[in-house]
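Participant: coordinates only, sequence not included:
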């Protein structure tokens, strides 16, 4: 129980220092990393692009047509925001990185409007 409290305290401090992102954004990125690693054939380090794809899948799975709205409410508007959060988590000692990992790995991985904005509802009409 103490470990979770320590993580919560660290996240609270991060949100106080960097007002761009809600605590839920950090929690979502952490869950998204676990989700993305789990999808790999064997546990390994994932790239920024792979993490962005995993986060997109998780957001759609969790929030459906509201994925873009939920992410925006947390301050996440583009894949670069994922990278900023990841590197904040690295700086706090909660995530690790390799020598080749950089914020640029998260640049323009996909457009949020295209990734989250085009949901079609298929309604069965009575004839």
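Facilitator: Great, that's in hand. Bear in mind that the values here come from a model prediction, so they are computed numbers and not experimental data. Numbers count the residues shown, from 1 in each chain.
Participant: only C-alpha atoms for contact and neighbour calcs from this point on.
Facilitator: Will do.
Participant: what ranges do the helices span in the chain?
Facilitator: 2-17, 23-39, 48-63, 67-73, 79-91, 112-116 (DSSP state H).
Participant: dump the residue contacts of the residue positioned nearest the centre of the chain.
Facilitator: Nearest residue to the geometric centre of the chain (Cα atoms, centre = their mean): residue 29, 3.5 Å. Contacts of residue 29 were listed using Cα atoms under 8 Å, 6 or more residues apart in numbering, and they are 55, 82, 85-86.
Participant: do you know how far it is from residue 82?
Facilitator: The gap separating residue 29 from residue 82 is 7 Å, by Cα to Cα, to the nearest Å.
Participant: just checking, residue 45 touches residue 37?
Facilitator: Yes: Residue 45 lies in contact with residue 37 (Cα atoms under 8 Å); the separation is 7.5 Å.
Participant: gap between residue 101 and residue 45?
Facilitator: 10 Å.
Participant: Can you find the helix or strand in this structure with the smallest mean pLDDT?
Facilitator: Sorted by mean pLDDT, DSSP states H and E, the helices and strands of the chain end with helix 2-17, the least confident at a mean of 80.
Participant: how distant is that one from the center of its chain?
Facilitator: Taking the mean of its C-alpha atoms, helix 2-17 sits 17 Å from the chain's own mean (Cα atoms, centre = their mean, to the nearest Å).
Participant: which stretches of the protein have low pLDDT?
Facilitator: 1-5, 118-127 (pLDDT under 70).
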